Structures are given as C-alpha cells and as structure tokens.
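A.B. asks: next comes the sequence, and after it the predicted model I'd like to discuss.
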Amino acid sequence: ATPTAIMVGSGVGLNRGILFKTAAVLEGIAKLQAIGFDKTGTLTKGTPEVTDIVAYGDFTEKDILRIAAAGENPSIHPLAQAVVAKSKLEELKIENVENYREEAGYGVTCSYQGKTLLIGNIKLMDLQGVDIGESEQDFRRLAESGRTTSFIALDGKVIGLIALADVIKESTIEAIKRLHNLGLKTFMITGDNKKVANVVGEQVGIDEVIAEILPQDKISIIKKYQDQGYKVAMVGDGINDAPALAQADIGIAIGSGTDVAKETGDVVLVRNDLLDVERAIRLGRKTLGKIK
Ligand code: ADP
Ligand code: MG
C-alpha cells in the first residue's frame with residue numbers, strides 16, 4: 001500500500017474507534033487467515049450471574065453463598081465478583097478469610113474459620129486431592145446446560161456448588177458470520193470447562209473450541225496455528241490474554257479490556273463491538289487495494 005493509502009486507512013479507522021498502532025498493522029491485518037477469541041468478556045459480556053446454588057450435608061444454600069463470597073471477596077475475577085454481588089443482594093455479611101491465594105485458571109485457596117477453603121474448578125479439586133463424590137452428577141448437569149460451575153470445598157470435602165451463566169454479546173453471532181464470509185477460520189480459547197465452552201461455541205457458530213487451557217498455555221495454541229501456516233489474530237480483553245495477544249501475528253484488544261491488553265494489542269477496538277474486528281480487516285484489505 002502507498003503511504004497515502006495507509007494514512008487514509010488509519011484515519012478512517014480512527015473515526016470508527018479502530019486504532020492501528022503502526023502502519024504495518026494495517027497491512028498485516030489484511031492477510032489474516034485465522035482468528036482466535038477469548039470467551040469471557042470477549043465473546044460474552046463477561047459479567048456472569050449466579051444461577052444455581054447446590055448445598056450438601058448440613059449446609060444450606062445460604063451457607064454456601066456466604067462461605068464462597070468470603071473466599072471470593074479479595075478476587076477481581078468476574079466469577080468471583082458475581083458471587084460477591086449475589087451475596088450482597090441476599091444481604092449476607094461478607095466474612096474475612098486468611099492466607100488467600102488465587103491460582104490463575106484454577107480458583108481460590110484460603111483459610112476460613114481455621115479450615116481450608118477451596119473455590120474453583122474441577123482442576124483445582126484434582127490438584128488439591130479433593131474427591132468430588134456426590135457432587136459429580138450435579139456438576140455434569142450444570143455444565144451441560146452451559147453454566148460455569150465452581151466447587152466449594154472445606155477441609156477436603158465438597159460442601160456445595162455455585163453455577164454461573166454469562167450472556168453472549170449482541171453482536172457476537174453476526175461478527176463470527178461476517179468473518180467466515182471473509183474466508184477466515186475462527187476459534188475460541190478458554191480456561192473454562194469443555195462442556196460449557198462447547199455450548200457457547202455452538203451458540204455463536206465458531207469453527208473450533210479449545211477449552212480448559214491455562215492462561216500460560218494460550219500462547220501454544222496460537223503457535224500451533226502459526227506452525228500450520230496460518231496468519232493468526234487473537235482477540236481478547238483480559239490480563240491473562242496479553243501473552244497470547246503478543247504471540248499472535250495481530251493482537252486485537254477490545255474496549256472493555258484491561259490496560260495491559262490495550263498496551264499489548266496491535267489493534268485496539270475502542271467501542272467494544274466485535275463487528276469492528278471484521279471492519280478492521282476490511283479496512284486493511286481496502287488499504288492494500290485487495291477490495292474496493
Ligand atoms: P477465561 O479463559 O474464560 O478468561 P480464566 O483463565 O480467567 O478464564 O479462568 C479459567 C477458569 O478458572 C474459570 O472458568 C474458573 O473455572 C476458574 N477460576 C479462575 N479464577 C477463579 C475464581 N476466582 N473463582 C472460581 N473459579 C475461578
Ligand atoms: Mg479471561
């Protein structure tokens with residue numbers, strides 16, 4: 001593309017809230033063949049809500065919510081904030097915990113009234129040697145309905161489950177369709193459970209779903225596509241996505257995201273509208289003179 005074309009292209013992008021960091025990005029985006037998306041906060045709104053609470057033994061649903069909120073209160077993870085929000089809605093008092101530790105892609109570990117409290121996914125339970133026992137059936141049922149489910153375990157025993165559902169963004173289905181019309185392959189990379197991810201993937205019509213991936217392993221998925229010869233973009237919003245955004249040929253940060261993602265991104269979509277992904281690619285192609 002000529003320098004003038006690039007200036008014009010960047011200017012048009014700017015007016016639409018599509019920021020290209022460098023001129024090379026505008027050319028690079030025209031050549032993309034595959035595009036990956038983070039699930040939570042990118043394909044979905046990223047503001048999950050508690051839908052179900054299951055309690056075992058002598059515990060009530062209120063107990064489960066109260067104990068989970070205590071453990072999740074220090075966390076800024078969207079799942080954690082949803083649990084805390086629900087407990088506030090129910091006017092429960094938020095208790096203090098000690099020795100709080102959060103493991104990305106797993107969940108939270110802490111001490112609650114002298115007992116070890118775990119809140120997280122099945123991988124966290126496996127890692128800590130917790131037998132999920134009778135909760136397995138409930139977990140399966142909830143996951144198959146597309147809900148992200150956290151196990152709540154106290155001193156090595158599952159005392160309850162909390163299921164959360166996230167809403168797909170209005171423009172997601174149309175955005176994926178338009179990218180397919182441009183001839184791109186689409187995929188989702190998420191740390192969430194496979195069953196949940198597959199339900200979301202089917203709803204949005206994405207080509208491939210890659211789930212139960214730890215934040216640090218998201219890079220290797222991008223590399224796999226690159227090794228197969230694809231020019232790959234990654235779209236994300238979270239802190240955890242920054243390495244994958246950096247590994248991709250083009251990293252695309254969306255508006256609602258963290259500053260880290262915005263710094264790492266080659267393209268920043270200010271309006272938090274997934275349709276802008278396709279607009280950015282078309283703008284790049286137009287600048288390169290591939291389409292009129
Ligand atoms: P994503 O790839 O969808 O952005 P993350 O990598 O942030 O997801 O988290 C992956 C999974 O780790 C979540 O689906 C959840 O099961 C678990 N997890 C992480 N943090 C927490 C937390 N604070 N509370 C409960 N579960 C958590
Ligand atoms: Mg994330």
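C.D. replies: Arrived safely, thanks for sending. Numbering: from 1, shown residues only. Ligands and ions are numbered 1, 2, ... in the order given.

A.B. asks: burial count for residue 211?
C.D. replies: If you count neighbours by other Cβ atoms under 10 Å, residue 211 ends up with 18. (Each C-beta comes from the backbone N, C-alpha and C, glycine too.)

A.B. asks: so the residue lying closest to residue 61 once chain neighbours are set aside, which state does it fall into?
C.D. replies: If the residues on either side of it in the chain are set aside, residue 61 comes closest to residue 53, at 4.3 Å by Cβ to Cβ, 6 or more residues apart in numbering. Under DSSP: H, G, I helix; E, B strand; the rest coil, the three-state class of residue 53 is strand.

A.B. asks: mind pulling up the pLDDT for residue 53?
C.D. replies: The per-residue pLDDT reported for residue 53 equals 98.

A.B. asks: give me the phi and psi for residue 27.
C.D. replies: Main-chain torsions, residue 27, degrees, to the nearest 10: phi -80, psi -40.

A.B. asks: tell me which residues touch the residue nearest to residue 61, please.
C.D. replies: Contacts for residue 53 (Cβ atoms under 8 Å, 6 or more residues apart in numbering) come out as 61, 64-65, 160-163.

A.B. asks: which one of these sits closest to residue 172?
C.D. replies: The nearest member of the contacts of residue 53 to residue 172, counting by Cβ to Cβ, is residue 163 at 21.5 Å.

A.B. asks: just checking, what packs against the helix or strand harbouring that closest one?
C.D. replies: Assigned by DSSP states H and E, residue 163 belongs to strand 157-165. With contacts defined as 3 or more Cβ pairs under 8 Å, 6 or more residues apart in numbering; DSSP states H and E, the packing partners of strand 157-165 are strand 49-55, helix 61-72, helix 78-89, helix 135-144, strand 148-154.

A.B. asks: quick one: distance of stretch 169-185 to the chain centre.
C.D. replies: In terms of Cα atoms, centre = their mean, to the nearest Å, the centre of stretch 169-185 is set 18 Å apart from its chain centre.

A.B. asks: repeat that for stretch 180-195.
C.D. replies: 12 Å.

A.B. asks: pull out the buried residues from it.
C.D. replies: Judged by neighbour count (16 or more other Cβ atoms under 10 Å), stretch 180-195 contains these buried residues: 184-193, 195.

A.B. asks: quick revisit: which of the contacts of residue 53 tops the neighbour count?
C.D. replies: residue 162 (28 neighbours).

A.B. asks: and that residue, what are its bridge partners?
C.D. replies: For residue 162, the beta-bridge assignment (DSSP bridges) gives partners residue 53, residue 150.

A.B. asks: ok now do it, which residues does it touch?
C.D. replies: 50, 52-54, 64-65, 68, 83, 149-150, 152.

A.B. asks: redo those as a markdown table? Include distance to residue 101.
C.D. replies: Shown next, in a markdown table, are these (distance: Cβ to Cβ, whole Å):
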| residue | distance to residue 101 |
| --- | --- |
| 50 | 23 |
| 52 | 26 |
| 53 | 24 |
| 54 | 25 |
| 64 | 21 |
| 65 | 21 |
| 68 | 16 |
| 83 | 17 |
| 149 | 21 |
| 150 | 16 |
| 152 | 16 |
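
A.B. asks: of the residues you listed, closest to ligand 1?
C.D. replies: residue 150 (4.5 Å; Cβ to the nearest ligand atom).

A.B. asks: gap between the closest one and residue 114?
C.D. replies: 22 Å (Cβ to Cβ, to the nearest Å).

A.B. asks: and if you look at residue 91?
C.D. replies: Relative to residue 114, residue 91 is positioned 26 Å away (Cβ to Cβ).

A.B. asks: hey, what's residue 38 bridged with?
C.D. replies: residue 189.

A.B. asks: what's the burial count for it?
C.D. replies: Applying other Cβ under 10 Å, we find 26 residues neighbouring residue 38.

A.B. asks: so what's it up against?
C.D. replies: 188-190, 234-238, 240-241, 244.

A.B. asks: again with residue 128
C.D. replies: Contact partners of residue 128, counting by Cβ under 8 Å, 6+ apart, are 109, 118, 153, 156.

A.B. asks: try residue 43
C.D. replies: 37, 168-169, 172, 188, 200, 204, 206, 274.

A.B. asks: ligand 1 next: which of these are close?
C.D. replies: Among these, no residue is within reach of ligand 1 (Cβ under 6 Å from any ligand atom).
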